[in-house]
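Trainee: Fold the following and give me the result.
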Amino acid sequence: MKISFYGAAREVTGSCYLVESGGGTKVLVDCGMFQGCNTCDVKNYTNLYFEAKEIEAVFVTHAHLDHTGRLPKLYKDGFRGKIFGTAPTLRLAELVLLDAVHIMEDDLKREQRAMLYSREDVEQTVKHFVTVDYSRDAMVGDLIGRPRDAGHIFGSAFWELEDEQGKRATFSGDVGNYGSKILRPTAQLSPTDALIVESTYGNRVHEDESTRETKLREVVKRTIDQKGVLVIPAFAIDRTQQILFELNHLVEKGLLPEVPIYLDSPMAIKATEVVKDYPQYYNKEARELAASGDDLFDFPGLKLTASRDESKLINDAPRPKVIIAGSGMMNGGRIQHHLVRYLSDPNSTVLIVGYQAQGTLGRDLYEGKKLVDVLQEKVHVKAQIMTIGAYSAHADQAKLVQWVEEAAEKPKRIIVTHGEEGAAVALATRFQQHFDIPSQAPHFGDTIEV
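Mentor: Reported below is the predicted structural model:
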(Lines give C-alpha, C1' and ligand atoms only; values in the text may rest on other atoms or scores of the structure.)
Protein backbone atom coordinates (compact mmCIF):
# COMPACT_ATOMS: atom_id res chain seq x y z
CA MET A 1 0.00 0.00 0.00
CA LYS A 2 1.36 3.42 -1.00
CA ILE A 3 0.20 6.74 0.49
CA SER A 4 0.91 10.11 -1.16
CA PHE A 5 0.30 13.46 0.52
CA TYR A 6 -1.37 16.07 -1.70
CA GLY A 7 -2.53 18.46 1.00
CA ALA A 8 -2.28 19.16 4.74
CA ALA A 9 1.44 18.35 4.63
CA ARG A 10 3.14 20.80 7.03
CA GLU A 11 0.05 22.99 6.71
CA VAL A 12 -3.39 22.84 8.24
CA THR A 13 -5.78 22.81 5.28
CA GLY A 14 -6.28 20.99 1.99
CA SER A 15 -6.42 17.44 3.36
CA CYS A 16 -6.03 14.98 0.50
CA TYR A 17 -4.26 11.63 0.70
CA LEU A 18 -3.95 9.23 -2.25
CA VAL A 19 -3.90 5.54 -1.29
CA GLU A 20 -2.82 2.93 -3.86
CA SER A 21 -3.19 -0.74 -2.99
CA GLY A 22 -0.97 -3.57 -4.20
CA GLY A 23 -3.87 -4.72 -6.35
CA GLY A 24 -4.10 -1.38 -8.17
CA THR A 25 -7.05 0.15 -6.30
CA LYS A 26 -6.78 3.95 -5.99
CA VAL A 27 -8.78 5.86 -3.38
CA LEU A 28 -8.56 9.18 -1.58
CA VAL A 29 -8.97 10.00 2.07
CA ASP A 30 -10.58 13.47 1.98
CA CYS A 31 -10.34 16.00 -0.82
CA GLY A 32 -10.35 19.34 0.96
CA MET A 33 -9.92 22.97 0.06
CA PHE A 34 -6.86 25.03 0.95
CA GLN A 35 -7.89 27.99 3.12
CA GLY A 36 -6.39 31.08 4.71
CA CYS A 37 -3.03 31.31 2.93
CA ASN A 38 -1.86 33.77 0.27
CA THR A 39 -1.36 30.97 -2.26
CA CYS A 40 -4.50 29.02 -1.45
CA ASP A 41 -6.38 30.05 -4.60
CA VAL A 42 -3.46 28.87 -6.72
CA LYS A 43 -3.36 25.55 -4.87
CA ASN A 44 -7.11 25.02 -5.21
CA TYR A 45 -7.16 25.78 -8.94
CA THR A 46 -4.00 23.79 -9.77
CA ASN A 47 -4.65 20.50 -11.54
CA LEU A 48 -4.86 17.52 -9.21
CA TYR A 49 -1.70 15.46 -8.97
CA PHE A 50 -3.46 12.27 -10.04
CA GLU A 51 -6.07 11.27 -12.62
CA ALA A 52 -9.48 11.93 -11.12
CA LYS A 53 -11.14 9.30 -13.31
CA GLU A 54 -8.82 6.61 -11.86
CA ILE A 55 -9.99 7.25 -8.27
CA GLU A 56 -12.51 4.58 -7.31
CA ALA A 57 -13.71 6.10 -4.01
CA VAL A 58 -13.20 8.84 -1.43
CA PHE A 59 -13.38 8.18 2.31
CA VAL A 60 -14.48 11.44 3.96
CA THR A 61 -13.48 11.96 7.59
CA HIS A 62 -15.83 14.89 8.27
CA ALA A 63 -17.73 17.75 6.68
CA HIS A 64 -15.42 20.74 7.13
CA LEU A 65 -14.45 22.51 3.90
CA ASP A 66 -10.73 21.80 4.30
CA HIS A 67 -11.63 18.08 4.09
CA THR A 68 -14.47 18.16 1.51
CA GLY A 69 -14.13 21.41 -0.46
CA ARG A 70 -12.51 20.00 -3.62
CA LEU A 71 -14.86 17.02 -4.02
CA PRO A 72 -16.85 18.85 -6.74
CA LYS A 73 -13.57 19.72 -8.52
CA LEU A 74 -12.71 16.01 -8.38
CA TYR A 75 -16.07 15.24 -9.99
CA LYS A 76 -15.60 18.03 -12.55
CA ASP A 77 -12.22 16.49 -13.49
CA GLY A 78 -13.70 13.05 -14.16
CA PHE A 79 -14.23 11.21 -10.85
CA ARG A 80 -17.34 8.98 -10.86
CA GLY A 81 -16.72 6.72 -7.83
CA LYS A 82 -18.36 6.49 -4.42
CA ILE A 83 -17.91 9.02 -1.62
CA PHE A 84 -18.19 7.30 1.77
CA GLY A 85 -19.00 8.99 5.07
CA THR A 86 -21.32 8.75 8.06
CA ALA A 87 -24.89 9.97 7.58
CA PRO A 88 -24.41 13.26 9.50
CA THR A 89 -21.10 13.91 7.71
CA LEU A 90 -22.67 13.61 4.27
CA ARG A 91 -25.71 15.71 5.21
CA LEU A 92 -23.45 18.42 6.61
CA ALA A 93 -21.02 18.17 3.68
CA GLU A 94 -23.82 18.95 1.28
CA LEU A 95 -24.58 22.13 3.24
CA VAL A 96 -20.89 23.08 3.28
CA LEU A 97 -20.43 22.57 -0.46
CA LEU A 98 -23.60 24.46 -1.38
CA ASP A 99 -22.48 27.33 0.84
CA ALA A 100 -19.04 27.31 -0.80
CA VAL A 101 -20.48 27.48 -4.31
CA HIS A 102 -22.84 30.27 -3.20
CA ILE A 103 -19.80 32.29 -2.09
CA MET A 104 -18.12 31.56 -5.43
CA GLU A 105 -21.20 32.80 -7.29
CA ASP A 106 -21.14 36.04 -5.28
CA ASP A 107 -17.41 36.47 -5.96
CA LEU A 108 -18.04 35.96 -9.68
CA LYS A 109 -20.69 38.68 -9.74
CA ARG A 110 -18.77 41.12 -7.53
CA GLU A 111 -15.17 40.60 -8.63
CA GLN A 112 -15.38 38.49 -11.81
CA ARG A 113 -13.44 35.74 -10.01
CA ALA A 114 -13.51 32.40 -11.79
CA MET A 115 -15.44 29.64 -10.02
CA LEU A 116 -13.58 26.50 -8.93
CA TYR A 117 -16.70 24.50 -9.80
CA SER A 118 -20.39 25.05 -10.48
CA ARG A 119 -23.57 24.44 -8.54
CA GLU A 120 -24.31 21.58 -10.93
CA ASP A 121 -20.94 20.01 -10.04
CA VAL A 122 -21.98 20.08 -6.37
CA GLU A 123 -25.38 18.58 -7.14
CA GLN A 124 -23.77 15.77 -9.15
CA THR A 125 -21.14 15.15 -6.47
CA VAL A 126 -23.80 14.67 -3.81
CA LYS A 127 -25.35 11.88 -5.91
CA HIS A 128 -22.19 9.84 -5.27
CA PHE A 129 -22.53 9.99 -1.47
CA VAL A 130 -22.78 6.57 0.26
CA THR A 131 -23.55 6.34 3.98
CA VAL A 132 -21.48 4.05 6.23
CA ASP A 133 -22.11 3.70 9.96
CA TYR A 134 -19.30 3.57 12.51
CA SER A 135 -17.43 0.24 12.59
CA ARG A 136 -19.10 -0.96 9.36
CA ASP A 137 -17.02 -2.01 6.35
CA ALA A 138 -16.97 -0.33 2.93
CA MET A 139 -15.38 -2.46 0.19
CA VAL A 140 -13.54 -0.84 -2.72
CA GLY A 141 -11.51 -3.16 -4.94
CA ASP A 142 -9.03 -4.94 -2.69
CA LEU A 143 -9.37 -2.35 0.10
CA ILE A 144 -11.66 -2.34 3.12
CA GLY A 145 -12.48 1.00 4.75
CA ARG A 146 -13.90 1.21 8.26
CA PRO A 147 -14.95 4.48 10.00
CA ARG A 148 -14.56 4.95 13.76
CA ASP A 149 -15.80 7.84 15.89
CA ALA A 150 -13.20 10.67 15.94
CA GLY A 151 -15.14 12.86 18.38
CA HIS A 152 -14.14 16.01 16.44
CA ILE A 153 -17.43 17.31 15.02
CA PHE A 154 -20.82 15.72 14.54
CA GLY A 155 -20.44 12.52 12.51
CA SER A 156 -16.64 12.79 12.24
CA ALA A 157 -14.63 9.62 11.72
CA PHE A 158 -11.12 8.32 11.52
CA TRP A 159 -10.77 5.71 8.78
CA GLU A 160 -9.00 2.36 8.94
CA LEU A 161 -7.98 1.13 5.47
CA GLU A 162 -6.84 -2.47 5.09
CA ASP A 163 -5.56 -4.30 2.00
CA GLU A 164 -5.64 -8.00 1.03
CA GLN A 165 -2.26 -8.60 2.67
CA GLY A 166 -3.64 -7.36 6.00
CA LYS A 167 -1.63 -4.13 5.91
CA ARG A 168 -3.54 -1.35 7.66
CA ALA A 169 -3.25 2.43 7.57
CA THR A 170 -5.32 4.61 9.90
CA PHE A 171 -6.21 8.17 8.93
CA SER A 172 -7.19 10.28 11.93
CA GLY A 173 -8.95 13.10 10.09
CA ASP A 174 -9.28 15.62 12.91
CA VAL A 175 -9.24 14.16 16.42
CA GLY A 176 -11.68 15.65 18.92
CA ASN A 177 -10.91 17.60 22.07
CA TYR A 178 -11.96 16.58 25.56
CA GLY A 179 -15.06 17.99 27.18
CA SER A 180 -17.66 18.06 24.41
CA LYS A 181 -21.14 18.38 25.88
CA ILE A 182 -22.70 16.67 22.84
CA LEU A 183 -20.22 14.30 21.18
CA ARG A 184 -19.02 10.90 22.25
CA PRO A 185 -15.28 10.54 23.02
CA THR A 186 -12.76 9.51 20.39
CA ALA A 187 -12.83 5.74 19.82
CA GLN A 188 -9.83 3.63 20.78
CA LEU A 189 -7.10 3.29 18.19
CA SER A 190 -6.87 -0.24 16.77
CA PRO A 191 -3.62 -1.98 15.75
CA THR A 192 -2.22 -0.32 12.62
CA ASP A 193 0.92 -0.38 10.50
CA ALA A 194 0.79 3.38 9.91
CA LEU A 195 -1.08 6.11 11.75
CA ILE A 196 -1.58 9.30 9.75
CA VAL A 197 -2.48 11.81 12.44
CA GLU A 198 -3.38 15.50 12.54
CA SER A 199 -1.31 18.08 14.45
CA THR A 200 -3.34 21.31 14.39
CA TYR A 201 -2.40 21.83 18.05
CA GLY A 202 0.57 19.47 17.96
CA ASN A 203 2.83 21.84 19.87
CA ARG A 204 0.28 23.21 22.35
CA VAL A 205 -1.88 22.20 25.31
CA HIS A 206 -5.39 23.59 25.71
CA GLU A 207 -6.64 25.25 28.86
CA ASP A 208 -8.80 23.18 31.21
CA GLU A 209 -12.07 22.43 29.40
CA SER A 210 -14.01 22.38 32.67
CA THR A 211 -13.60 26.17 32.94
CA ARG A 212 -15.04 27.10 29.55
CA GLU A 213 -18.71 27.46 30.53
CA THR A 214 -17.72 29.68 33.46
CA LYS A 215 -15.59 31.84 31.18
CA LEU A 216 -18.42 32.11 28.65
CA ARG A 217 -20.80 33.17 31.42
CA GLU A 218 -18.35 35.81 32.64
CA VAL A 219 -17.82 37.38 29.23
CA VAL A 220 -21.58 37.50 28.53
CA LYS A 221 -22.27 39.08 31.95
CA ARG A 222 -19.56 41.67 31.41
CA THR A 223 -21.03 42.52 28.01
CA ILE A 224 -24.43 43.03 29.65
CA ASP A 225 -22.94 45.18 32.42
CA GLN A 226 -21.09 47.36 29.88
CA LYS A 227 -24.13 47.52 27.59
CA GLY A 228 -21.81 46.35 24.86
CA VAL A 229 -21.86 43.81 22.07
CA LEU A 230 -20.32 40.36 22.25
CA VAL A 231 -19.32 39.08 18.81
CA ILE A 232 -18.53 35.36 18.56
CA PRO A 233 -17.07 34.19 15.24
CA ALA A 234 -17.97 30.51 15.19
CA PHE A 235 -17.74 27.65 12.75
CA ALA A 236 -21.24 26.73 11.61
CA ILE A 237 -20.70 23.05 12.38
CA ASP A 238 -19.99 21.90 15.94
CA ARG A 239 -18.61 25.10 17.50
CA THR A 240 -21.94 26.88 17.12
CA GLN A 241 -23.86 23.91 18.52
CA GLN A 242 -21.46 23.58 21.48
CA ILE A 243 -21.92 27.26 22.34
CA LEU A 244 -25.71 27.11 21.93
CA PHE A 245 -25.80 24.05 24.19
CA GLU A 246 -23.93 25.84 26.96
CA LEU A 247 -25.92 29.06 26.57
CA ASN A 248 -29.07 26.94 26.77
CA HIS A 249 -27.87 25.54 30.09
CA LEU A 250 -26.84 28.94 31.48
CA VAL A 251 -30.11 30.65 30.52
CA GLU A 252 -32.47 27.86 31.55
CA LYS A 253 -30.72 27.42 34.93
CA GLY A 254 -30.96 31.16 35.60
CA LEU A 255 -27.18 31.60 35.56
CA LEU A 256 -27.43 34.36 32.95
CA PRO A 257 -29.91 37.21 32.69
CA GLU A 258 -31.88 37.04 29.47
CA VAL A 259 -30.14 38.95 26.69
CA PRO A 260 -30.83 38.96 22.92
CA ILE A 261 -28.57 36.35 21.30
CA TYR A 262 -28.55 36.35 17.51
CA LEU A 263 -27.51 33.29 15.53
CA ASP A 264 -26.63 35.11 12.32
CA SER A 265 -25.60 32.24 10.08
CA PRO A 266 -27.92 30.50 7.62
CA MET A 267 -25.60 27.50 7.42
CA ALA A 268 -25.32 27.20 11.21
CA ILE A 269 -29.12 27.29 11.47
CA LYS A 270 -29.38 24.46 8.91
CA ALA A 271 -26.52 22.52 10.48
CA THR A 272 -28.22 22.68 13.88
CA GLU A 273 -31.33 21.09 12.37
CA VAL A 274 -29.17 18.27 10.98
CA VAL A 275 -27.64 17.70 14.43
CA LYS A 276 -31.14 17.48 15.90
CA ASP A 277 -32.00 14.73 13.38
CA TYR A 278 -29.37 12.31 14.74
CA PRO A 279 -29.69 12.06 18.55
CA GLN A 280 -28.20 8.55 18.34
CA TYR A 281 -24.84 10.24 17.69
CA TYR A 282 -25.03 12.23 20.98
CA ASN A 283 -23.15 11.21 24.08
CA LYS A 284 -25.15 9.60 26.91
CA GLU A 285 -25.86 12.83 28.81
CA ALA A 286 -27.00 14.80 25.77
CA ARG A 287 -29.11 11.89 24.55
CA GLU A 288 -30.91 11.66 27.89
CA LEU A 289 -31.47 15.41 27.97
CA ALA A 290 -32.93 15.37 24.46
CA ALA A 291 -35.14 12.40 25.35
CA SER A 292 -36.55 14.40 28.29
CA GLY A 293 -37.97 16.91 25.81
CA ASP A 294 -35.37 19.66 26.15
CA ASP A 295 -34.39 21.35 22.88
CA LEU A 296 -30.63 21.40 23.40
CA PHE A 297 -30.06 24.37 21.10
CA ASP A 298 -32.95 26.74 21.86
CA PHE A 299 -33.66 29.01 24.82
CA PRO A 300 -35.35 32.32 25.71
CA GLY A 301 -33.64 35.23 23.98
CA LEU A 302 -32.25 33.27 21.03
CA LYS A 303 -33.12 34.79 17.65
CA LEU A 304 -32.35 33.07 14.34
CA THR A 305 -31.59 35.46 11.48
CA ALA A 306 -31.54 33.37 8.32
CA SER A 307 -32.24 36.07 5.73
CA ARG A 308 -30.10 39.08 4.88
CA ASP A 309 -32.91 41.44 5.83
CA GLU A 310 -33.17 39.79 9.27
CA SER A 311 -29.40 40.04 9.63
CA LYS A 312 -29.43 43.79 8.88
CA LEU A 313 -31.98 44.37 11.65
CA ILE A 314 -29.35 43.29 14.21
CA ASN A 315 -27.53 46.58 13.57
CA ASP A 316 -30.38 48.63 15.03
CA ALA A 317 -31.20 46.26 17.89
CA PRO A 318 -30.49 47.85 21.30
CA ARG A 319 -27.52 46.87 23.41
CA PRO A 320 -26.49 44.71 25.13
CA LYS A 321 -26.59 41.84 22.64
CA VAL A 322 -24.67 38.77 21.57
CA ILE A 323 -24.00 37.91 17.92
CA ILE A 324 -22.83 34.46 16.79
CA ALA A 325 -21.87 34.46 13.11
CA GLY A 326 -19.54 32.84 10.57
CA SER A 327 -17.04 32.40 9.29
CA GLY A 328 -15.09 31.02 12.21
CA MET A 329 -11.74 32.41 11.00
CA MET A 330 -13.36 35.74 10.09
CA ASN A 331 -12.13 35.59 6.48
CA GLY A 332 -15.62 35.85 4.99
CA GLY A 333 -19.31 35.69 5.78
CA ARG A 334 -21.58 37.89 7.89
CA ILE A 335 -19.11 38.13 10.75
CA GLN A 336 -17.10 40.67 8.78
CA HIS A 337 -20.00 43.12 8.68
CA HIS A 338 -20.32 42.93 12.47
CA LEU A 339 -16.57 43.35 12.94
CA VAL A 340 -16.55 46.53 10.83
CA ARG A 341 -19.23 47.89 13.15
CA TYR A 342 -17.93 46.76 16.56
CA LEU A 343 -14.15 46.22 16.44
CA SER A 344 -13.53 49.91 17.13
CA ASP A 345 -15.91 49.94 20.12
CA PRO A 346 -14.09 49.63 23.49
CA ASN A 347 -17.28 48.37 25.20
CA SER A 348 -17.54 45.41 22.84
CA THR A 349 -15.76 42.06 22.86
CA VAL A 350 -14.73 39.59 20.15
CA LEU A 351 -14.57 36.08 21.57
CA ILE A 352 -12.36 33.65 19.63
CA VAL A 353 -13.41 30.03 20.15
CA GLY A 354 -11.59 28.16 17.40
CA TYR A 355 -8.37 27.72 15.47
CA GLN A 356 -7.27 30.72 13.39
CA ALA A 357 -5.11 29.80 10.39
CA GLN A 358 -2.20 31.90 9.22
CA GLY A 359 -3.27 34.61 6.79
CA THR A 360 -6.78 35.04 8.19
CA LEU A 361 -8.33 38.07 9.87
CA GLY A 362 -8.91 35.89 12.91
CA ARG A 363 -5.19 35.18 13.19
CA ASP A 364 -4.43 38.92 12.99
CA LEU A 365 -6.81 39.62 15.89
CA TYR A 366 -5.57 36.63 17.87
CA GLU A 367 -2.00 37.93 17.53
CA GLY A 368 -3.04 41.37 18.80
CA LYS A 369 -2.92 43.55 15.70
CA LYS A 370 -4.48 46.96 16.34
CA LEU A 371 -5.17 47.94 12.73
CA VAL A 372 -6.80 45.38 10.45
CA ASP A 373 -8.41 45.23 7.00
CA VAL A 374 -12.08 44.26 7.01
CA LEU A 375 -14.23 44.47 3.86
CA GLN A 376 -11.65 46.77 2.25
CA GLU A 377 -11.73 49.14 5.25
CA LYS A 378 -8.96 49.92 7.73
CA VAL A 379 -10.40 49.33 11.20
CA HIS A 380 -8.74 50.30 14.50
CA VAL A 381 -9.15 47.51 17.05
CA LYS A 382 -10.38 48.92 20.37
CA ALA A 383 -12.73 46.09 21.33
CA GLN A 384 -11.43 43.51 23.76
CA ILE A 385 -10.21 40.34 22.03
CA MET A 386 -10.68 37.23 24.17
CA THR A 387 -9.97 33.57 23.55
CA ILE A 388 -11.38 30.44 25.14
CA GLY A 389 -9.05 27.72 23.86
CA ALA A 390 -11.00 24.93 25.54
CA TYR A 391 -13.74 25.32 22.90
CA SER A 392 -11.38 23.97 20.26
CA ALA A 393 -12.76 20.92 18.48
CA HIS A 394 -9.19 19.67 17.94
CA ALA A 395 -7.15 17.53 20.29
CA ASP A 396 -4.05 19.17 21.74
CA GLN A 397 -0.66 17.51 22.02
CA ALA A 398 -1.51 15.88 25.36
CA LYS A 399 -4.71 14.30 24.00
CA LEU A 400 -3.01 13.04 20.82
CA VAL A 401 -0.21 11.44 22.85
CA GLN A 402 -2.75 9.87 25.21
CA TRP A 403 -4.78 8.54 22.27
CA VAL A 404 -1.71 6.64 21.06
CA GLU A 405 -0.81 5.67 24.65
CA GLU A 406 -4.23 4.05 25.12
CA ALA A 407 -4.20 2.20 21.78
CA ALA A 408 -4.88 -1.52 21.82
CA GLU A 409 -1.44 -1.84 20.26
CA LYS A 410 1.04 0.92 19.39
CA PRO A 411 1.25 1.90 15.68
CA LYS A 412 4.33 0.63 13.86
CA ARG A 413 4.98 4.13 12.47
CA ILE A 414 3.39 7.57 12.74
CA ILE A 415 3.00 10.14 9.97
CA VAL A 416 2.10 13.62 11.24
CA THR A 417 0.00 15.87 8.98
CA HIS A 418 -2.58 18.69 9.13
CA GLY A 419 -0.54 21.15 11.15
CA GLU A 420 1.67 24.14 10.54
CA GLU A 421 5.27 23.04 10.12
CA GLY A 422 6.29 23.82 13.70
CA ALA A 423 3.34 21.95 15.16
CA ALA A 424 3.75 18.93 12.87
CA VAL A 425 7.48 18.57 13.51
CA ALA A 426 7.01 19.09 17.26
CA LEU A 427 4.39 16.35 17.48
CA ALA A 428 6.44 13.93 15.36
CA THR A 429 9.41 14.56 17.66
CA ARG A 430 7.24 14.00 20.74
CA PHE A 431 5.95 10.68 19.41
CA GLN A 432 9.47 9.57 18.49
CA GLN A 433 10.86 10.42 21.92
CA HIS A 434 7.93 9.22 24.03
CA PHE A 435 7.13 5.95 22.25
CA ASP A 436 10.34 5.26 20.28
CA ILE A 437 8.11 4.85 17.21
CA PRO A 438 9.46 6.02 13.82
CA SER A 439 7.64 9.32 13.24
CA GLN A 440 7.85 11.92 10.49
CA ALA A 441 6.12 15.02 9.11
CA PRO A 442 5.93 14.60 5.31
CA HIS A 443 6.20 17.37 2.74
CA PHE A 444 3.68 17.95 -0.03
CA GLY A 445 3.99 15.24 -2.69
CA ASP A 446 5.88 12.77 -0.49
CA THR A 447 4.97 9.08 -0.80
CA ILE A 448 5.38 6.39 1.84
CA GLU A 449 4.97 2.63 1.56
CA VAL A 450 3.13 0.59 4.18
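Trainee: Could you check how many residues crowd around Gln280?
Mentor: 9 (other Cβ atoms under 10 Å). C-beta here means a position set from N, CA and C on the backbone, and glycine is covered the same way.
Trainee: ok, it - contacts?
Mentor: For Gln280, the contact set (Cβ atoms under 8 Å, 6 or more residues apart in numbering) comprises Arg287.
Trainee: wait, is it part of a strand?
Mentor: No - counting by DSSP: H, G, I helix; E, B strand; the rest coil, Gln280 is located in no strand; its state is helix.
Trainee: do you know how far it is from Ala290?
Mentor: Here the distance between Gln280 and Ala290 works out to 10 Å (Cβ to Cβ, to the nearest Å).
Trainee: do the same with Thr186
Mentor: Counting by Cβ to Cβ - Thr186 and Ala290 are separated by 22 Å.
Trainee: who has more neighbours, the two?
Mentor: The residue with more neighbours, out of Thr186 and Ala290, is Thr186; 25 against 16, by other Cβ under 10 Å.
Trainee: can you pull the contacts of that one?
Mentor: Applying Cβ under 8 Å, 6+ apart to Thr186 gives the contacts 149-152, 158, 175-176, 395, 403.
Trainee: now, which of those sits nearest Cys40?
Mentor: Using Cβ to Cβ, His152 comes nearest to Cys40 of the contacts of Thr186, at 21.9 Å.
Trainee: hang on, that closest one packs against Gly176?
Mentor: Yes - between His152 and Gly176 there is a contact under Cβ atoms under 8 Å: 4.2 Å.
Trainee: Mutual contacts of these two, please.
Mentor: Shared contacts of His152 and Gly176, counting by Cβ under 8 Å, 6+ apart, come down to 183, 186, 393-394.
Trainee: For Thr192, list the residues it contacts.
Mentor: Contacts for Thr192 (Cβ under 8 Å, 6+ apart) come out as 160, 168-170, 411-412.
Trainee: now swap in Ala424 and tell me
Mentor: Going by Cβ under 8 Å, 6+ apart, Ala424 touches 10, 199, 202, 416-418, 441.
Trainee: For it, give me phi and psi.
Mentor: phi -70, psi -50 (degrees, to the nearest 10).
Trainee: Without its sequence neighbours, what residue ends up closest to it?
Mentor: Leaving aside its sequence neighbours, Ala424 sits nearest to Ala441 (Cβ to Cβ, 6 or more residues apart in numbering; 3.9 Å).
Trainee: give me the element Asp294 is part of.
Mentor: Secondary structure from DSSP states H and E places Asp294 outside every helix and strand.
Trainee: Let me see the contact set for it.
Mentor: 248, 252.
Trainee: That one and His249: what is the separation?
Mentor: Distance of Asp294 to His249, given as Cβ to Cβ: 10 Å.
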